[in-house]
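K.L.:
okay, here's the prediction I keep looking at, along with the sequence it came from:
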Amino acid sequence: MNFVRAHVLVCTGTGCSSAGADGIISAFEEQLKKNGLDEEVRVVKTGCLGLCAKGPNVVVYPEGVYYNYVSAEDVPEIVEEHLLKGRPVTRLIHGDAEDASKATNLTDTAFYKDQVRIALRNCGVINPEDIDEYIAYDGYAALAKVLTEMTPQQVIDEIKASGLKGRGGAGFPTGLKWQFAANSPGPVKYACCNADEGDPGAFMDRSVLEGDPHSVLEAMTIAGYAIGATEGYIYVRAEYPIAVERLKKALEQSHEYGFLGKNIFGTDFSFDIGIRLGSGAFVCGEETALMVSIEGKRGEPRCRPPYPAVKGLFGKPTILNNVETYANVCWIINHGAEAYAALGTEGSKGTKVFALGGKINNTGLVEIPMGTPLRQIIEEIGGGVPNGKKFKAVQTGGPSGACIPASQIDVPIDYENLTRIGAMMGSGGMIVLDEDDCMVDIAKFFLQFTVDESCGKCSPCRIGIKRMYDILDRITAGQGTLEDLDTLEELAAHIKGNALCGLGQTAPNPVLSTLKNFKDEYVAHVVEKRCPAGSCKALLNYTIDPAKCKGCSACSRVCPADAISGVVRSPFVIDQSKCIKCGSCMEKCKFGAISKG
Amino acid sequence: MKSLEELKALREQMQSKMNVRKDDNETIRVVVGMATCGIAAGARPVLNAFMEEVNKRGLKNVQVTQTGCIGVCRLEPIVEVFVPGQEKVTYVKMNAEKVPAIVAQHIVNKQVVTDYTIGAAE
């Protein structure tokens, strides 16, 4: 074995892969060989480093130098300058705005320094396709401890004491869920994993599966031991090809090492895991629909109770936990429930992963202790809103979630506080909105999603949400009335109370929360027929200020609808009946004479 | 994998391979100046010798790495050794023959090889 003095970690999550990570890996291999460094420097594929906005990302150890926006063309320079001559390539180093030269180490950046990575502890640290690297980072130590030193009840008590709650959205205490399933009688039980991440804007589960698949397999096995199950399934969406491939590899390696299969660690306990692929139906992320889908039937929810812990998959007691929930389990067993409960707030323990998206500089994944104020997430970790625009709101929890307005930016993010202000944790998608986003349009976007994804089994969801959508469509077209707003609320209350499953019950949330926090925008749409954010096309009017117009005719030449006319050197006019509101004229005007409103 | 001991043994074996990625207070760092001046003075064989020696002895918690110009080009090849809790030691006018002594005395036994240091050269 040769001494390896440096590791080059290249992120191969979905984001960086699509930005060309594979080409970078082969470029590194080629250049290292060329410089005779291939035996002393290792190139390692790793999982998501979090800062997807600036990918492809590369980290060089032992220094921990963090490179962004790397391309295959940059690789010769990194190899010759940094790996051979010891001079990091400063132009590619990630620097947080104020001091680009200093923050060379990954953990020193503003993006990372306040994060506490538990669920993501191995993402971007190990090679997810190498079980040995997982083992080096305490992999399968928790399973060994559980099987040789703890009784199933002790495991459940430990999880209960940690205060871990379901990270999929509902926030049900995980230990309690396991207790119910353990208490249910019967020789056949199942420990399953919900990896059917469907919320637009959420990708933490994908990243865990891509970056650390073994942590989920290990935790499922621990859950199986705790409740008395011998089998489990991971239900993962087929749209996550990298995650599925790495899961399959991990399963294979785990079998080979004997961490899955019969008599694990020489004990009487046997456990095995199967993968089931979902074909993208949002409703299959709902637990009862998911189990029906695993059984091979059409994915439709059913009434609860009975809860899965009593009667679940194939009619047997079943637990179903989300990927991120499982990703916390091994850490809790290894470090103790107390260490986990020491993080977070009174009612919400530990950390939460958020997927930052929308109008934010650092699009990507962050993991922070519960109770971190929203302001810190947006302004410090997220790097603020781009182009100097004003922060308006953040949408959490996807189509089931709500908007947190700018006035609540100092709220500490945990289950209780979010519920208190009428929002919800959800799975952790955070879409940041700025002054250009119309809240009515945002509500309409999420409703459109739920209309598309409604399974159609119950009428409140199938018909009710469609009607709400129609009303919103009318409002954004400038044809709404004040009565429409009351109808929206009435429909919402009815759907919340009567829909069969969580999908329908929570579908009105985006409308209710925007109605509550941004009623003025709705009123502007229906009364003044005006969209304050300037986003709803039907309500926009482009006008030329005759005082500023020099009559250069640039606007009339770019207009695709021939809506602008005039005589050169005197003010031009827009014919509103012909205008298609494309905004080309405004972009073209050099004198700022065209405005929209 | 049938026992805890087996898992533990594998973990320890793997940890020594992953040492490069560690950022803790126990790791000894050997830094070789590999700028143009260092390379011209013969830093490459020194770096190779350190890697070979550390590997031969199977030392854990030792990182061998490279850096740019340290500034005293006339004394190159220069090697800096950082032992946690101790002051940095700078060795100058290094060559591959001096390496085994530094590894044995300084890195393993924590005794600085005074003859090779910048203090002795000045």
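P.N.:
Thanks, I have the structure now.

K.L.:
tally up the residues packed near residue 106, please.
P.N.:
By default, I'm working from chain A. 26 (other Cβ atoms under 10 Å in any protein chain shown). Just so you know, the C-beta spots here come from the backbone N, C-alpha and C atoms, and that holds for glycine as well.

K.L.:
that was the other one, I meant chain B.
P.N.:
22.

K.L.:
same question for B:Gly42.
P.N.:
The burial count for B:Gly42: 15, using other Cβ under 10 Å.

K.L.:
distance of the spatially closest residue to it that is not a sequence neighbour from A:Leu540?
P.N.:
Nearest-residue entry for B:Gly42: B:Pro77, 5.6 Å, with adjacent residues in sequence omitted and distances by Cβ to Cβ, 6 or more residues apart in numbering or on different chains. Distance, B:Pro77 to A:Leu540, using Cβ to Cβ, to the nearest Å: 69 Å.

K.L.:
what backbone torsions are found at the residue nearest the centre of chain A?
P.N.:
The centre of chain A sits closest to A:Ala202, judged by Cα atoms, centre = their mean, with a distance of 2.2 Å. Main-chain dihedrals, A:Ala202, degrees, to the nearest 10: phi -110, psi 130.

K.L.:
list the contacts of it.
P.N.:
Shown in contact with A:Ala202 (Cβ atoms under 8 Å, 6 or more residues apart in numbering or on different chains): A:355, A:398, A:426-429.

K.L.:
next: A:Glu489.
P.N.:
Counting by Cβ under 8 Å, 6+ apart, A:Glu489 has contacts A:512, A:515.

K.L.:
neighbours around B:Ala121, how many?
P.N.:
By the criterion of other Cβ under 10 Å, B:Ala121 has 14 neighbours.

K.L.:
quick one, what contacts the residue lying closest to it once chain neighbours are set aside?
P.N.:
Excluding the flanking residues, the one nearest B:Ala121 by Cβ to Cβ, 6+ apart is B:Val92, at 4.9 Å. By Cβ under 8 Å, 6+ apart, the residues touching B:Val92 are B:72, B:75-78, B:116-118, B:121.

K.L.:
for B:Val92, what are phi and psi?
P.N.:
phi -120, psi 170.

K.L.:
per-residue pLDDT, it?
P.N.:
Model confidence at B:Val92, given as pLDDT, is 92.

K.L.:
and the gap between it and chain A?
P.N.:
Separation of B:Val92 from chain A (Cβ to the nearest Cβ, to the nearest Å) stands at 17 Å.

K.L.:
where's that residue relative to B:Ala43, distance?
P.N.:
B:Val92 is 12 Å from B:Ala43, by Cβ to Cβ.

K.L.:
A:Glu29 and A:Asp38 touch, don't they?
P.N.:
Yes - if you go by Cβ atoms under 8 Å, A:Glu29 and A:Asp38 touch, sitting 7.1 Å apart.

K.L.:
can I assume A:Asp38 sits in a strand?
P.N.:
No - read with DSSP: H, G, I helix; E, B strand; the rest coil, A:Asp38 is coil and lies in no strand.

K.L.:
list the contacts of it.
P.N.:
A:29, A:32.

K.L.:
go again using 10 Å as the cut-off
P.N.:
Shown in contact with A:Asp38 (Cβ atoms under 10 Å, 6 or more residues apart in numbering or on different chains): A:2, A:28-32.

K.L.:
likewise for A:Lys466?
P.N.:
For A:Lys466, the contacting residues are A:447, A:450-451, A:454, by Cβ under 10 Å, 6+ apart.

K.L.:
dump the residue contacts of the nearest residue in space to B:Glu52 that is not next to it in sequence.
P.N.:
Using Cβ to Cβ, 6+ apart and skipping the chain neighbours, the partner closest in space to B:Glu52 is A:Phe3 (6.9 Å). By Cβ under 10 Å, 6+ apart, the residues touching A:Phe3 are A:39-40, B:20, B:48, B:50-56, B:58-59, B:62, B:64.

K.L.:
tell me the SS of A:Phe3?
P.N.:
Assigned by three-state DSSP, the conformation of A:Phe3 is coil.
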